[in-house]
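**Student:** pasting the sequence and the predicted coordinates here, then a few questions.
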Amino acid sequence: MKLSPVRLPDRPAAAVEPDDTAAVVDAEIANLPAIFRSAVLLCEIEGVSRADAAVRLGIHPGTLSSRLAAARKLLAGRLRRRGVGAVTGLGTAVVPEALARAAASRADGRASGTVLKLSQGVRTMLDSKLMLTAAVACVALAGSLFAMNPAARVAPGTPQPQRAPEPATKGPAAKKPAEWKVLFTLKHTHRVAAVAACADLIVAAADTGGEKDYVRFWNASDGTASDLEITPLGFSVPVRFNFLRFTTDGTHLIVGTEHSGTRYRRRPGGLAADILDSYDLLACSADMNTLLVRKDHGAFKDPKPNRLYLHVNPWAVPENFLKKLAVFDEDCEAITHADVSADDQRIAIAGDDAVVRVYNRNNLKLLHKVTLPKQTKVTAVRLSDGGRRLAVVGEKGFAKLFDDAGKEVCDLKGHEGTIAAVAFAPDGKRVVTASGKVARIFDATNGKRVGELIGHEDLVTAVAFSSDGKRMVTGSADQTAKVWESQE
């Protein structure tokens, strides 16, 4: 059925046929701006409270309310012009009076039994536009028939035909996302910039400008403060942390900052520091054999923004401090991020040209380039421990996984705004991202979301898995680190 382009001034356009309704609603919801569409899906379809939805989206509740109001108004006008009026739950001005009352009841929790039955399937759907379209179409069709056909209403006491029970379906039930419980909340004195964990220790570093407790330790068993401490390195300017990383056996902690690279050796009674001064240590393998630094040796040499130096373990052989195994000069204005796989087999380097280059660590040959959409601003890259997966995250919710040949595996969906950090589980099967006040956990094989960590009061800035993958540590601008444990 074709809709007439002419609309009478005092009455809504004729409703489209049922077969057309799904396509019309699908098209208009798909055409909503992403920030409006996500708000509608969470609040109007999934039934998530505005407070919880705001946390998931990483926005202020007032911003969410504004987006919902704008989405309703925009969708109402579009559907009215296309002749779809009987759509509940979207606050449209063209909804018939009876269904408008039902929509209002549903919104404030006073829905009638009829409306609840019509909405039951819609409330449980998560991020599936196809199922969303079918559910909305069913609500629209059933509501229209009920409102326009009084004969369809069954009088009280009328016998109802008995239906045969549905046959039992076979197959395993869908697996629910794993729940993660907060074990400890660890208080810092400043915004947490980096976190790491090993079998018995949790460590968090904060940007404090060189104050004494800029790196703090806690016991992993009970969350109590550890006797270990790292004193400041004597800088009078704020320290920017590039990363924290424990070696695989947990005997050493590597701290990379824009001023230095430091190995802390654990020994009875404290930590012994071996400082590589004048390094801007960007990445290090878990065996400490490969270091990627921005600066050549010498505190007063200006580094080239598009150059990285590769050094072999300078703590094992002191002469390596002055030697460079390789120099990476990339075709970009500046190198922004880098990572070395834990097994020291691959190197990933991201530039400001929206390209990530992956190298073989053994022969230093370029394996492949991952070319991202233009204007993509990368905020972090991470290789899985075996190097078989590459995670690239950035601004405007950009998050993708690539395989060991550079082919895109999947999108990590559900983010808005900047993704501050990303980390793989030790087995490479899960990946966690930090965006807004939430850390989201995904299946690294298909991008399906399998968990969320909600509890920080400010932006999540750092994430890390424990060595066994059963715990996770998050750091936040709320001056805390939290330790989470899976309830699987």
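**Tutor:** Nice, I can see it.
**Student:** return stretch 258-272 as PDB; C-alpha atoms alone will do.
**Tutor:** Taking Å, rounded to 0.1, in the frame of the first residue of the first chain, the C-alpha atoms of stretch 258-272 are listed here in PDB:
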ATOM      1  CA  GLU A 258      57.200   9.700  29.900                       C
ATOM      2  CA  HIS A 259      60.500  10.400  31.800                       C
ATOM      3  CA  SER A 260      61.800   6.900  32.500                       C
ATOM      4  CA  GLY A 261      61.500   3.200  32.500                       C
ATOM      5  CA  THR A 262      62.000   1.500  35.800                       C
ATOM      6  CA  ARG A 263      62.200  -2.200  36.800                       C
ATOM      7  CA  TYR A 264      61.300  -2.900  40.400                       C
ATOM      8  CA  ARG A 265      62.700  -6.100  41.800                       C
ATOM      9  CA  ARG A 266      60.800  -7.700  44.600                       C
ATOM     10  CA  ARG A 267      63.000  -8.800  47.400                       C
ATOM     11  CA  PRO A 268      62.500  -9.400  51.200                       C
ATOM     12  CA  GLY A 269      61.700  -6.100  52.800                       C
ATOM     13  CA  GLY A 270      60.900  -4.100  49.800                       C
ATOM     14  CA  LEU A 271      61.600  -3.200  46.200                       C
ATOM     15  CA  ALA A 272      64.900  -2.500  44.400                       C
END
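**Student:** list the buried residues of that stretch.
**Tutor:** 258-264, 266, 271 (16 or more other Cβ atoms under 10 Å). C-beta: built from backbone N, CA, C; applies to glycine.
**Student:** for the stretch 351-488 of the chain, which segments count as strands?
**Tutor:** Ranges of strands in the stretch 351-488 of the chain, per DSSP state E, counting those that start in this stretch, are 355-360, 366-371, 378-383, 390-394, 399-402, 408-411, 419-424, 430-435, 438-443, 449-454, 460-465, 471-476, 480-486.
**Student:** packing partners of the longest one?
**Tutor:** In this case it means strand 480-486. With contacts defined as 3 or more Cβ pairs under 8 Å, 6 or more residues apart in numbering; DSSP states H and E, strand 480-486 has these neighbours: strand 180-187, strand 192-197, strand 201-206, strand 449-454, strand 471-476.
**Student:** show me where the stretch 51-200 of the chain dips below the pLDDT cut-off.
**Tutor:** Applying pLDDT under 70 to the stretch 51-200 of the chain picks out residues 81-178.
**Student:** repeat that for 50
**Tutor:** 86-154, 156, 163, 166, 168-169 (pLDDT under 50).
**Student:** what mean pLDDT does stretch 230-240 have?
**Tutor:** In this model, stretch 230-240 carries a mean pLDDT of 59.
**Student:** give the contact list for the closest residue to Met288 other than its chain neighbours.
**Tutor:** Ranked by Cβ to Cβ, 6 or more residues apart in numbering and with sequence neighbours excluded, the top spatial neighbour of Met288 is Asn313, at 5.2 Å. Asn313 is in contact with 288-291, 320, counting by Cβ atoms under 8 Å, 6 or more residues apart in numbering.
**Student:** distance check, Asn313 against Thr445.
**Tutor:** According to Cβ to Cβ, to the nearest Å, Asn313 and Thr445 sit 33 Å apart.
**Student:** who does Asn360 bridge with?
**Tutor:** Residues in a beta bridge with Asn360, per DSSP bridges, are Arg346.
**Student:** residue ranges of each domain in this protein, please.
**Tutor:** Under automatic domain parsing, the residue ranges defining each domain of the chain are 18-149, 180-486.
**Student:** in strands only, show me the contacts of Asn313.
**Tutor:** Among those, DSSP state E puts 290-291 in strands.
**Student:** coming back round to it: relative to Arg307, which of the strands of the stretch 351-488 of the chain is closest?
**Tutor:** The closest of those to Arg307 is strand 355-360. By Cβ to Cβ, the value is 13.1 Å.
**Student:** and the closest one, average pLDDT?
**Tutor:** 96.
**Student:** ok, now stretch 304-322?
**Tutor:** Here the average pLDDT along stretch 304-322 is 77.
**Student:** and that stretch, C-alpha only, in PDB?
**Tutor:** Coordinates of each C-alpha in stretch 304-322 appear next as PDB, following Å, rounded to 0.1, in the frame of the first residue of the first chain:
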ATOM      1  CA  LYS A 304      61.100  12.700  16.700                       C
ATOM      2  CA  PRO A 305      57.300  12.200  17.100                       C
ATOM      3  CA  ASN A 306      57.100   9.500  14.400                       C
ATOM      4  CA  ARG A 307      60.100   7.500  15.700                       C
ATOM      5  CA  LEU A 308      60.300   4.600  18.200                       C
ATOM      6  CA  TYR A 309      63.500   2.800  19.400                       C
ATOM      7  CA  LEU A 310      63.600  -0.900  20.200                       C
ATOM      8  CA  HIS A 311      66.000  -2.000  23.000                       C
ATOM      9  CA  VAL A 312      66.800  -5.400  24.200                       C
ATOM     10  CA  ASN A 313      66.600  -5.900  28.000                       C
ATOM     11  CA  PRO A 314      69.000  -3.200  29.400                       C
ATOM     12  CA  TRP A 315      68.800  -4.600  32.900                       C
ATOM     13  CA  ALA A 316      70.300  -8.000  31.900                       C
ATOM     14  CA  VAL A 317      73.200  -6.400  30.000                       C
ATOM     15  CA  PRO A 318      74.000  -2.800  31.000                       C
ATOM     16  CA  GLU A 319      75.500  -2.100  27.500                       C
ATOM     17  CA  ASN A 320      72.000  -2.500  26.000                       C
ATOM     18  CA  PHE A 321      71.100   0.800  27.600                       C
ATOM     19  CA  LEU A 322      73.100   2.500  24.900                       C
END
